[in-house]
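Engineer: no FASTA, just this:
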């Protein structure tokens, strides 16, 4: 910066808040926690915490998630910094929001570490404190844009999945029904899946072929820029 | 957040740094300023400043840009928060980067307010202080992704422009030559331009038709999601 002038009183608190989306084949979920202190005690909140002296923002987000859920090695992405002056009535705090997508079934939760934390169906999630509703909406918008511009799924699906599971994931994220044949054609045209010689026999007598992402093809496409419309 | 514990010493400085891209028909430029204080005095820097008590981050970015350039009413977008612990060796500072795109010709600069500020061709820009090079690369990557996913141009082109000017803009952003016929076909297929009954006579004897964005069509497309590949 150009003019190196600041007042000691310009210093302020920085927090991270984490929007944790989960997918469990029935739809999108969100991890929320009941706030146990004032202001807004008893209301629901994203999980979050203050940035400490010895960590950067990514590390703070990782720590917050791990402390609450026991989850490690989750890819989190920085979303946006929220800075409205009175967003936290207790004291001015800038919050940097992070979001993550996890496959609820395949991650071994050691049980939520915090008895006040719960998964909610996204559509039935309660009203949140401060500007947390706005954070969730922005994360959801980014997730949808992502889904429209390149295939997500690596993070949310088991390694092998059926076309039906992939479609259910897209339908959850985009919040609309998709035509099955049209969906399959578009996915195939993308040419990033490998069809396996195995079937999932749990859903029907004939069974459904399993697929997995072809990581090499996928990364080439990501570099080239995807054109992917559902 | 869940546990309301922080130390007074966790408070820190927040800055904004602004990546100002300009387009002047010869290519992309970037606005930089020579730093006039230690550390790294004499090196080139993005324009920036500290967040003040009475403003949010958007307001801080707007103020910084206005103070240095006299520019107002420029659309700036928040890019990313940079938080490496020792990024500023003088004192821990988190910086939230913003970026903007401006049409150098059509904005009336009152002259750069600061004698140490200069426009550089992006390709000939000097090495920058701290993590500012990283900020520029991230802004450029977002600009390119934008350009590939929906038409930019509103902000960078005069109201009426030729197809050649639009192509030059895309070539600057994507940093590659584009085939003229292919470009025109793709732009036309997008159906967001209005062809005018006027010609720009400055470039050739026959002249070149002028176009403008059809704002109604454009906004409908943005809502639907663009599929636009150059």
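Structural biologist: Now that the structure is in, tell me what you want to look at. Since we're looking at a predicted model, the values are computed, not measured.
Engineer: for the longest helix along chain A, packing partners?
Structural biologist: In chain A, with assignment by DSSP state H, the single longest helix is helix A:132-149. Helix A:132-149 sits against strand A:13-23, strand A:76-82, strand A:93-103, helix A:163-174, with contacts defined as 3 or more Cβ pairs under 8 Å, 6 or more residues apart in numbering or on different chains; DSSP states H and E. The C-beta positions use only the backbone N, C-alpha and C, and glycine is treated the same way.
Engineer: nearest to residue A:126, of the ones you listed?
Structural biologist: strand A:13-23 (14.5 Å; Cβ to Cβ).
Engineer: give me the average confidence score over whichever helix or strand comes after the closest one.
Structural biologist: Following strand A:13-23 in sequence order, the next helix or strand is strand A:28-34 (DSSP states H and E). If you average the pLDDT over strand A:28-34, you get 92.
Engineer: and strand A:28-34 with chain B, contact?
Structural biologist: Yes - Strand A:28-34 comes into contact with chain B (Cβ under 8 Å from any Cβ of the partner chain), by way of residue A:33.
Engineer: for that strand, which outside residues touch it?
Structural biologist: A:19-23, A:42-47, A:68-69, A:104, A:114, A:116-122, A:125-126, A:128, A:136, A:172-173, B:2 (Cβ atoms under 8 Å, 6 or more residues apart in numbering or on different chains).
Engineer: tell me the angle that strand makes with strand A:13-23.
Structural biologist: 140 degrees (axes from the mean of the first three to the mean of the last three Cα atoms, to 10 degrees).
Engineer: relative to helix A:132-149, how tilted is strand A:28-34?
Structural biologist: Going by the same axes, to 10 degrees, strand A:28-34 makes 160 degrees with helix A:132-149.
Engineer: each with direction, which strands does strand A:28-34 pair with?
Structural biologist: With DSSP bridges as the test, strand A:28-34 is paired with strand A:13-23 (antiparallel), strand A:44-45 (antiparallel), strand A:117-121 (antiparallel).
Engineer: what comes up buried for it?
Structural biologist: Of the residues in strand A:28-34, A:28, A:29, A:30, A:31, A:32, A:33, A:34 count as buried by neighbour count, 16 or more other Cβ atoms under 10 Å in any protein chain shown.
Engineer: excluding chain neighbours, what is closest to the second one?
Structural biologist: Spatial nearest neighbour of residue A:29, excluding adjacent residues (Cβ to Cβ, 6 or more residues apart in numbering or on different chains): residue A:22 at 4.2 Å.
Engineer: show me what contacts residue A:212?
Structural biologist: Applying Cβ under 8 Å, 6+ apart, the residues near residue A:212 are A:159, A:160, A:161, A:193, A:194, A:196.
Engineer: show me which of those are buried.
Structural biologist: By 16+ other Cβ under 10 Å, those give A:161, A:193 as buried.
Engineer: and the helices and strands packed on helix A:132-149 as TSV, adding mean neighbour count and distance to residue A:204?
Structural biologist: Formatted as TSV, those follow (neighbours: other Cβ atoms under 10 Å in any protein chain shown; distance: least, Cβ to Cβ, whole Å):
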stretch	mean neighbour count	distance to residue A:204
strand A:13-23	24	22
strand A:76-82	20	36
strand A:93-103	23	23
helix A:163-174	19	10
